[in-house]
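*Asks:* sequence first, predicted model second:
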Amino acid sequence: DAFLRLLGYYVSEGCATMFNGHKAVEFSIGDHEPQLRDDILELIREVTGKRASVTHDRRKHGLCIVVYSDALWDSMVEHGGKYAAGKRFSKAVMDLPPARQQLAVDTYYLGDGSVSRHGKLRIVRACTVSQTLAFQLQEMLARRGVFAYLNRREAFDETMKDGRVVRHSTRYWVYYAENT
């Protein structure tokens, strides 16, 4: 269960990288999310037996959580993919019973999700640049009886006030309503 929960965080906030020639798994979160930091640190300890390092980037208001682990790196890449557009859940995860999949989906939404209210409705949504992941999230939610919509926003360029041009990738929004 700890592995599935950590996998959800990895798919939303993590990356598999190399530091100083060693495999490392990194999670990037906001410094306003202490509950996510604590949960990720505890899950890393449960899954690997290791203590992760935390670096605070005060200028960007971010936290970087890093753990060196060949086994965790291999498992996360196998079951969660690599790079934002390549994120997905493995066939092994997709074949799990819905209650087990929910462990990964719930932590994925804690990382990349948001909640808003529209009257009595509670809208839950998440955004990804991985089309495969968007379809998988929709399928896993459907297996639990949750009807989720998909919305695709095409890639576009945005010119900032300072003249920089930011190129946005195609995005997929997966969202559903509660209290309907």
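*Replies:* Received the coordinates, thanks. Residues are numbered from 1 along each chain as shown.
*Asks:* output the contacting helices and strands for the worst-scoring helix or strand of the chain on mean pLDDT.
*Replies:* Among the helices and strands of the chain, strand 113-118 carries the lowest confidence by mean pLDDT, DSSP states H and E, at a mean of 91. When contacts are defined as 3 or more Cβ pairs under 8 Å, 6 or more residues apart in numbering; DSSP states H and E, strand 113-118 sits against strand 121-128. For the C-beta atoms, the positions are set from N, CA and C on the backbone; glycine is no exception.
*Asks:* buried stuff in the strand it packs on?
*Replies:* 124-128 (16 or more other Cβ atoms under 10 Å).
*Asks:* if we can go back for a sec, direction included, what does the least confident helix or strand of the chain pair against?
*Replies:* According to DSSP bridges, strand 113-118 has the following sheet partners: strand 121-128 (antiparallel).
*Asks:* pretty sure R51 is touching R45, no?
*Replies:* Yes. Because the distance of 6.3 Å satisfies Cβ atoms under 8 Å, R51 is recorded as touching R45.
*Asks:* intersection of neighbour lists for the two?
*Replies:* Jointly contacting R51 and R45 under the rule Cβ atoms under 8 Å, 6 or more residues apart in numbering is no residue at all.
*Asks:* which residues does M18 contact?
*Replies:* A24.
*Asks:* low pLDDT regions in this structure?
*Replies:* 180 (pLDDT under 70).
*Asks:* where exactly do the strands run in it?
*Replies:* 14-19, 22-30, 53-57, 62-68, 113-118, 121-128, 149-153, 156-159, 165-168, 171-178 (DSSP state E).
*Asks:* now the angle from the last one to strand 149-153?
*Replies:* Inter-element angle recorded for strand 171-178 and strand 149-153: 150 degrees (by axes from the mean of the first three to the mean of the last three Cα atoms, to 10 degrees).
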